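Colleague: generate a structure from the sequence data that follows.
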Amino acid sequence: MISIEEALSLVKSKSHPLLKDTTLAIEKSGGYIINKDVFSPINMPPFRQSAMDGYALHLHNSLSYHLVDEVKAGDNHQPILNKGEAVRIFTGAAVPDTANGVVMQEKVITNGAELVIEKQLPENYNIRAIGEQVKKGDLALAKGTKLTPAAIGYLASLGITHVSVYKKPTIAIVTTGNELIEAGQELSYGKIYESNSKMLQNALYNLKFYDITIHKVEDDYEKTLSKLKEVISENDLVIISGGISVGDYDFVGKALQELHVEEHFYKVKQKPGKPLFFGTKNHVVVFALPGNPAASLTCFYMYVYITLQKMMDRDDLELPRIQAKSTNGFTKFGDRPQFLKAIYNHGKVTILEGQSSAMLQTYALSNALVFLPDNISKINIDDLVDVILLPN
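Modeller: The predicted model follows:
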């Protein structure tokens, strides 16, 4: 059994960027990472653009101007202005080449075709210059940039329709257990509804990973071996739920050994989630998570999350950690470090009841985990504690 710190270090060192390329339509590229520099095919803006609703002026020494025309956004005609002349103009419209200032409409007194401005304008006032945001041929977004909604909007504004990105991993979720049945079936004595696959699938969806298959295998060694061989051969990441303990019907560990999955660790000194397996076979990463739902989800957030970030070649590998004041007390039993379900709000954190590794009820309310190291056994009200913020 290894420490949390050792386990985290091994996950970071043994997980690697996929570096597989794919090209996507920009509207489908959210959350992906650009795998090569993107250069702008145009100037942005591509013409001198009005930053205001108002009047474009050919500046002169007087505050009075004569209105000669109008330019709306999208118009492509070019009125010619002599000194002292103006055109009505709207935000985003092309500023005539003979205009050298735009005054907002609130700063103008109009009388028919005549208008008076409050004060002289500096040259090119309220005019967005050609290429002010980015010039044609300049770097628009660098390799390694995550495609956020703003980044996608920016690329769209440059006329870019497709982008080359790092491919996201293909992921298999395998659940084990004869006691598990699907929701919607009659719950007979001794059976429970299977929840871990849906929980883990939606945790992945929340992180923008969608290429997921779900598999169920009975507590049978040959069937476990066959299924794991299949999913390891077809995926980049395999997440197994249950079957990794040392019971008579826990066959996952033996099957992984026979399949020559290299074990980097098995069992971590922590609560919940001690029976955690992490291994690799060639480029494929394999996690076997505890079957208890809360333990499984905690291990996902603490370890699988890191592998996903590494696979996407991201810099921020772990969930954010902060310190906060506890609003209530807690006493830990035993010497294992503990992850406690909690609610964080504006610098304060409340540790919830129901910390059992089997309980999801309080996890459903949580937006954070309080980390209690092995050398601290008690938390008092107003103690500063370490808080891990969940991506909810």
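Colleague: from the contact counts, what lies against the helix or strand hosting R88?
Modeller: With secondary structure defined by DSSP states H and E, R88 is part of strand 85-89. Secondary-structure packing of strand 85-89 (3 or more C-beta pairs under 8 Å, 6 or more residues apart in numbering; DSSP states H and E): strand 54-57, strand 64-71. Any C-beta I mention is one placed from the backbone N, CA and C, and that applies to glycine too.
Colleague: so who does the residue nearest to G177 when sequence neighbours are not counted touch?
Modeller: Computed as C-beta to C-beta, 6 or more residues apart in numbering, the closest residue to G177 that is not its neighbour in sequence is G242, at 5.2 Å. Neighbour list for G242: T175, T176, G177, N196, D250, V252, L289, P290, G291 [criterion: C-beta atoms under 8 Å, 6 or more residues apart in numbering].
Colleague: so the last one, which state does it fall into?
Modeller: Classification of G291 into helix, strand or coil gives coil, according to DSSP: H, G, I helix; E, B strand; the rest coil.
Colleague: look up the closest residue to it, ignoring the ones flanking it.
Modeller: G291 sits nearest to G242 (C-beta to C-beta, 6+ apart), 3.1 Å away.
Colleague: list phi and psi for L24.
Modeller: phi -130, psi 150 (degrees, to the nearest 10).
Colleague: CA-only coordinates of the helix ranked longest in the chain, as CSV, when you get a sec.
Modeller: Scanning the chain for the helix with the most residues, using DSSP state H, yields helix 221-234. Extracted in CSV, the C-alpha atoms of helix 221-234 (Å, rounded to 0.1, in the frame of the first residue of the first chain):
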residue,chain,number,x,y,z
TYR,A,221,-13.1,-15.2,-14.4
GLU,A,222,-13.1,-16.2,-18.1
LYS,A,223,-15.8,-13.7,-19.0
THR,A,224,-13.9,-11.0,-17.0
LEU,A,225,-10.6,-11.9,-18.8
SER,A,226,-12.3,-11.9,-22.3
LYS,A,227,-14.0,-8.5,-21.7
LEU,A,228,-10.9,-6.8,-20.3
LYS,A,229,-8.8,-8.1,-23.2
GLU,A,230,-11.4,-6.7,-25.7
VAL,A,231,-11.6,-3.2,-24.1
ILE,A,232,-7.9,-2.8,-23.6
SER,A,233,-7.3,-3.6,-27.2
GLU,A,234,-9.8,-1.0,-28.4
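Colleague: on that earlier part again, what about the residue nearest to G291, distance to K191?
Modeller: In this view, G242 and K191 are 14 Å apart by C-beta to C-beta, to the nearest Å.
Colleague: what of L18?
Modeller: For L18 relative to K191 (C-beta to C-beta), the value is 38 Å.
Colleague: looking at these two, which is more packed in?
Modeller: Between L18 and K191, counted using other C-beta atoms under 10 Å, L18 has the larger neighbour count: 17 against 14.
Colleague: quick one: pLDDT of the more buried one?
Modeller: Per-residue confidence (pLDDT) for L18: 90.
Colleague: who are the neighbours in contact with it?
Modeller: L18 touches Y166, K167, K168, P169, D236, H283, M311, M312, D313, counting by C-beta under 8 Å, 6+ apart.
Colleague: what about the third one, distance to L139?
Modeller: Okay, so that is K168. Distance from K168 to L139, by C-beta to C-beta: 24 Å.
Colleague: ok, back up a step: which outside residues touch the strand holding R88?
Modeller: Contacts for strand 85-89 (C-beta under 8 Å, 6+ apart): 50, 52-58, 65-71, 79, 81, 95-96, 99, 102, 115.
Colleague: same check, this time on stretch 138-146
Modeller: For stretch 138-146, the surrounding residues in contact (C-beta under 8 Å, 6+ apart) are 31-40, 131, 134, 151, 154-155, 158, 160, 313-314.
Colleague: can I have the buried ones of these as a PyMOL selection?
Modeller: Buried members of the contacts of stretch 138-146, defined by 16 or more other C-beta atoms under 10 Å, are picked up in PyMOL with:
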select buried, resi 32+33+34+35+38+40+131+134+151+154+155+158+160
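Colleague: so which of the contacts of stretch 138-146 are in helices?
Modeller: Filtering the contacts of stretch 138-146 for helices - DSSP H - leaves A151, Y154, L155.
Colleague: how much space separates the first one from E222?
Modeller: It refers to A151. 48 Å.
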